[in-house]
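Student: Coordinates only, no sequence provided:
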């Protein structure tokens with residue numbers, strides 16, 4: 001038993017005993033005798049009070065009092081029941097033994113006493129992250145507690161992004177751009193897609209491929225605008241809080257597109273200018289992933305697989321850029337879902353394994369190629385199937401790709417089809433590629449009267465990989481048009497208005513802003529697939 005409990009029990013029994021003493025059970029013997037303390041039990045008179053006061057100074061009176069107390073104690077013990085006397089004695093003994101045991105130290109035993117503070121703490125704890133793996137539950141709890149308006153984060157340099165992620169980037173030389181051998185297999189994993197996003201490599205690629213201060217200023221302003229639109233839970237919305245939002249909501253897609261814009265400029269959840277924003281967004285994104293790797297469960301309608309593919313690109317790029325063990329399971333699970341949901345035609349569309357179209361398939365190809373480049377496990381049997389699908393929507397040597405088989409070709413699907421065939425290993429000098437890209441530049445150049453940022457996004461990438469005069473001609477128009485269309489003042493400064501865009505009224509301002517940023521990041525966003533051609 002604990003000493004405090006024994007003490008309480010002892011006090012209880014003692015009180016019972018005292019009560020017994022104060023109110024003894026009547027007996028014939030006591031009734032026949034007159035009370036020994038009749039004098040003291042009568043009401044005290046002033047004279048009696050004086051006598052009691054003087055007795056403290058009279059030794060004889062004091063000894064008489066002690067003698068009377070002894071007589072009273074003997075009589076009380078005699079009258080008390082034996083069980084009560086025994087209980088008091090044993091409880092007293094137990095209490096003494098317990099107190100002795102409490103004071104005896106034992107080797108290897110530690111006693112911890114916890115007490116809740118009565119005062120509310122006013123300390124602000126510094127929030128920091130460690131690169132090691134962390135349970136998802138802790139990220140979810142901290143995600144719910146974070147608030148943009150109130151939380152002040154303390155930056156701790158756990159990892160120097162410049163030294164860790166980009167210090168080993170090789171100098172730009174021809175060996176980095178060996179032509180891709182035409183095959184249906186996967187690209188050589190030595191092609192590090194994301195090495196040009198920071199440091200000296202970024203500066204070299206900007207200079208060689210035609211970027212300049214104007215394009216970089218436009219990217220920087222666009223990222224500042226995106227940062228302001230992040231919601232408290234770490235996500236972004238297609239609805240707002242900006243003007244000209246989308247018709248429908250799709251937070252998975254909005255968050256993935258915003259993250260890709262920051263990542264294209266070199267930031268990750270572990271380093272860079274927008275590390276904090278990406279960390280919060282990554283926590284929110286992975287919290288939406290189910291056991292099958294599906295992230296777009298909250299998305300409705302035909303947009304679900306678009307959202308899934310875009311989120312797959314994000315997770316795979318984050319892992320490829322950082323090698324972070326925390327993000328790997330989510331990235332791998334997203335790749336596994338993509339492989340499992342491939343249709344018999346070889347591509348993807350609105351429902352897993354049902355059918356295919358070029359638009360959705362293009363996003364999944366980029367996600368799987370990002371995972372493959374980062375060292376994730378991607379079933380190699382998917383690549384021949386994807387190639388067969390793009391062959392089925394290709395117009396052959398005349399150039400052009402369509403949305404689905406047996407449908408007329410369009411500029412946006414042609415640009416997307418060429419880009420996917422490039423990543424699948426199609427040789428640069430294949431006649432179909434030359435015809436397709438030549439037709440895009442000559443017949444469908446960037447035109448503000450027929451704005452289509454979706455088409456511009458895919459054409460910019462495909463022509464950048466191809467290089468040469470076609471890329472130079474396209475880039476001169478692109479890098480002049482997009483910065484000029486960017487908002488220069490007001491609360492939407494740094495964004496691109498969706499007004500007049502082919503899909504702008506449907507997808508909204510965040511959509512047009514992100515795709516415009518991707519175009520202006522093209523110089524370093526992915527290393528070119530083919531041998532570079534002089535553009536000066």
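Tutor: Everything's here; your move. Source: prediction; values computed, not measured.
Student: how about stretch 378-393: buried residues?
Tutor: 378, 382-383, 385-387, 389-393 (16 or more other CB atoms under 10 Å). C-beta: built from backbone N, CA, C; applies to glycine.
Student: contacting residues around that stretch?
Tutor: With contact meaning CB atoms under 8 Å, 6 or more residues apart in numbering, stretch 378-393 is reached by 184-186, 335, 339, 342, 345-347, 356, 358, 361, 365, 368, 371-372, 401-405, 407, 413, 417, 420-421, 424.
Student: Using PyMOL, define a selection of the buried residues within the residues you listed.
Tutor: Of the contacts of stretch 378-393, the buried ones can be selected in PyMOL as follows, counting by 16+ other CB under 10 Å:
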select buried, resi 186+335+339+342+345+346+347+356+358+361+365+368+371+372+401+402+403+404+413+417+420+421+424
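Student: Among the contacts of stretch 378-393, which lie within helices?
Tutor: 335, 339, 358, 361, 365, 368, 371-372, 413, 417, 420-421 (DSSP state H).
Student: now, among these, which is nearest to residue 488?
Tutor: Of all the ones in helices among the contacts of stretch 378-393, residue 488 sits closest to residue 413, with 33.0 Å by CB to CB.
Student: The closest one and residue 404 touch, don't they?
Tutor: No - using CB atoms under 8 Å, residue 413 is not in contact with residue 404, being 9.0 Å away.
Student: overlap in contacts of these two?
Tutor: Common neighbours of residue 413 and residue 404 (CB under 8 Å, 6+ apart) are 358, 393.
Student: Just name the shakiest helix or strand of this protein by mean pLDDT.
Tutor: helix 161-165 (a mean of 33; mean pLDDT, DSSP states H and E).
Student: After it, which helix or strand is next? Please name it.
Tutor: Once the chain leaves helix 161-165, the next helix or strand it forms, by DSSP states H and E, is helix 199-209.
Student: May I see the buried residues of that following helix?
Tutor: Buried-residue list, helix 199-209, by 16+ other CB under 10 Å: 199, 201-202, 204-206, 208-209.
Student: Can you tell me which of those comes closest to residue 439?
Tutor: residue 209 (22.0 Å).
Student: rewinding a little: let me have the ones in helices among the contacts of stretch 378-393 in TSV, extended by distance to residue 480 and pLDDT.
Tutor: Output for the ones in helices among the contacts of stretch 378-393, formatted as TSV (distance: CB to CB, whole Å; pLDDT from 0 to 100):
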residue	distance to residue 480	pLDDT
335	38	98
339	41	98
358	29	98
361	32	98
365	30	98
368	34	98
371	35	97
372	35	97
413	26	98
417	27	97
420	28	98
421	29	97
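Student: Dump the buried residues of stretch 378-393 to CSV, plus pLDDT.
Tutor: Below are those laid out as CSV (pLDDT from 0 to 100):
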residue, pLDDT
378, 98
382, 98
383, 98
385, 98
386, 98
387, 97
389, 98
390, 97
391, 95
392, 96
393, 96
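Student: you'd agree residue 465 is up against residue 426?
Tutor: No - the criterion here is CB under 8 Å, and residue 465 misses it with residue 426 at 10.4 Å.
Student: Quickly list what's touching both of those two.
Tutor: With CB under 8 Å, 6+ apart as the test, residue 465 and residue 426 reach no residue in common.
Student: before we move on, back to that, nearest to residue 484, of the ones in helices among the contacts of stretch 378-393?
Tutor: residue 413 (27.0 Å).
Student: Now do that closest one against residue 440, distance only.
Tutor: Look at residue 413 and residue 440: by CB to CB, to the nearest Å, they are 11 Å apart.
Student: same question, residue 300
Tutor: For residue 300, the distance to residue 440 - CB to CB - is 33 Å.
Student: Then residue 429?
Tutor: Residue 429 is 17 Å from residue 440, by CB to CB.
Student: repeat for residue 321
Tutor: 30 Å.
Student: How about residue 319?
Tutor: 33 Å.
Student: So which of those two has more stuff around it?
Tutor: residue 319 (27 against 24; other CB atoms under 10 Å).
Student: So that one lies in a strand, does it not?
Tutor: No - read with DSSP: H, G, I helix; E, B strand; the rest coil, residue 319 is helix and lies in no strand.
Student: Give me the mean pLDDT for stretch 318-326.
Tutor: Confidence for stretch 318-326, expressed as mean pLDDT, is 97.
Student: List the buried residues in that stretch.
Tutor: Buried residues in stretch 318-326 (16+ other CB under 10 Å): 318-322, 324, 326.
Student: and the two most separated of the residues you listed?
Tutor: 320 and 326 (14.3 Å).
Student: Residues contacting the helix or strand hosting residue 330, please?
Tutor: Using DSSP H and E, residue 330 sits within helix 328-340. With contact meaning CB under 8 Å, 6+ apart, helix 328-340 is reached by 286, 289, 292-295, 308-309, 311-312, 315-316, 318-319, 348, 352-353, 364, 367-368, 371, 374, 376-379, 382.
Student: Which among those residues count as buried?
Tutor: 286, 289, 293-295, 308-309, 311-312, 315-316, 318-319, 348, 352, 364, 367-368, 371, 374, 376, 378, 382.
Student: just checking, which of those residues belong to strands?
Tutor: Using DSSP state E, no member of the buried ones among the contacts of helix 328-340 falls within strands.
Student: Check the spacing between the nearest residue to residue 377 once chain neighbours are set aside and residue 195 real quick.
Tutor: Counting by CB to CB, 6 or more residues apart in numbering, residue 377 lies nearest to residue 332, which is 6.4 Å off, once chain neighbours are set aside. Noted for residue 332: a distance of 22 Å to residue 195, by CB to CB.
Student: Neighbour count: these two, which is higher?
Tutor: Taking other CB under 10 Å, residue 332 and residue 195 do not tie; residue 195 has more neighbours (22 against 19).
Student: isn't the more buried one right up against residue 201?
Tutor: Yes - shown here, residue 195 and residue 201 form a contact pair, counting by CB under 8 Å, at 6.0 Å.
Student: right, and residue 432 touches residue 394 too?
Tutor: Yes - counting by CB under 8 Å, residue 394 is a contact partner of residue 432 at 6.4 Å.
Student: and the closest residue to residue 302 other than its chain neighbours, which of the three is it?
Tutor: For residue 302, ignoring the flanking residues on the chain, the nearest one in space by CB to CB, 6+ apart is residue 350 at 4.6 Å. For residue 350, the assignment made with three-state DSSP gives coil.
Student: residues near residue 350, how many?
Tutor: 14.
Student: got the contact list for it?
Tutor: Contacts of residue 350 by CB under 8 Å, 6+ apart are 301-302, 304-305, 360.
Student: Most neighbours out of those, which is it?
Tutor: Result: residue 305 is most packed of those (other CB under 10 Å), 25 neighbours.
Student: Quick check: phi and psi on that residue?
Tutor: phi -80, psi -30 (degrees, to the nearest 10).
Student: Could I get the pLDDT score of it?
Tutor: pLDDT at residue 305 comes out at 97.
Student: Next: residue 95.
Tutor: On the pLDDT scale, residue 95 gets 73.
Student: same thing with residue 397?
Tutor: Predicted confidence (pLDDT) for residue 397: 76.
Student: Apart from its neighbours in sequence, what residue is nearest it?
Tutor: That would be residue 431: by CB to CB, 6+ apart, it lies 4.7 Å from residue 397.
Student: you'd agree that neighbour is up against residue 395?
Tutor: No - Residue 431 lies out of contact with residue 395 (CB under 8 Å); the separation is 11.6 Å.
Student: out of those two, which sits in the busier spot?
Tutor: Between residue 431 and residue 395, residue 395 has the larger neighbour count (other CB under 10 Å), namely 16 against 11.
Student: Identify the residues contacting the more buried one.
Tutor: Contacts of residue 395 by CB under 8 Å, 6+ apart are 401-402, 409, 432.
Student: go on, residue 497?
Tutor: So residue 497 contacts 244, 485, 487, 504, 509, 512 (CB under 8 Å, 6+ apart).
Student: Brilliant, that's me finished.
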